[in-house]
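**Student:** Sharing a sequence plus its predicted fold:
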Amino acid sequence: MKSRVPLTFLLALLLLFAVKLHGQNQGLGFIPGEIHGNFQADVQYYNTDTAIGAPDVPEKLLMRGFSNINYTLGKFSAGLRYESYLATLQGFDSRYDGNAIPYRYATYQNEKLNVTVGSFYEQLETD
């Protein structure tokens, strides 16, 4: 099976170095509002190691990555999370293999009202 990881890795590098960002500027000129986000990529190269009992992995280069993108305009905000598990890392459930947008949301907030819709979760603190 041909690995998709090198192409994905090259695309991530292209985005990293080709996009000019102005983090402190208001708006992008052609888009009103602000766009914020982050990304993370975890890439591992596997070797067989009988001394520690490491399993043999058919694809030697495995990765997972995600990106959060958030948009705000006045009292409105929206966002999504893109996740990619290409040849899933050891220790992760193999059902995650592939690409998806598992979380998305839209929020409107003013002084008296806060409404959020979407597929998201929030952790509540308990004492």
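**Tutor:** That came in fine, so what should we check first? Numbering: from 1, shown residues only.

**Student:** Go ahead and report the secondary structure state at the residue sitting furthest away from the middle of the chain.
**Tutor:** For the chain, the residue at maximal distance from the C-alpha centroid (Cα atoms, centre = their mean) is Ala51, at 34.7 Å. Per DSSP: H, G, I helix; E, B strand; the rest coil, the secondary structure class of Ala51 is coil.

**Student:** Quick check: nearest residue in space to Tyr96, chain neighbours excluded?
**Tutor:** Closest residue to Tyr96 apart from its sequence neighbours, by Cβ to Cβ, 6 or more residues apart in numbering: Tyr85 at 4.4 Å. Where C-beta positions appear, they are placed from N, C-alpha and C, glycine not excepted.

**Student:** And the one you found, which helix or strand is it part of?
**Tutor:** With secondary structure defined by DSSP states H and E, Tyr85 is part of strand 76-86.

**Student:** In PDB, list the C-alpha atoms belonging to that strand.
**Tutor:** Only the C-alpha atoms of strand 76-86 are listed here, as PDB (Å, rounded to 0.1, in the frame of the first residue of the first chain):
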ATOM      1  CA  PHE A  76     -20.500  36.100  16.400                       C
ATOM      2  CA  SER A  77     -17.800  33.300  16.300                       C
ATOM      3  CA  ALA A  78     -17.500  30.000  14.600                       C
ATOM      4  CA  GLY A  79     -14.900  27.300  14.300                       C
ATOM      5  CA  LEU A  80     -13.900  23.800  13.400                       C
ATOM      6  CA  ARG A  81     -11.300  21.200  14.100                       C
ATOM      7  CA  TYR A  82      -9.800  19.200  11.200                       C
ATOM      8  CA  GLU A  83      -8.100  15.900  12.200                       C
ATOM      9  CA  SER A  84      -6.000  13.600  10.100                       C
ATOM     10  CA  TYR A  85      -4.800  10.100  11.100                       C
ATOM     11  CA  LEU A  86      -2.800   8.800   8.100                       C
END
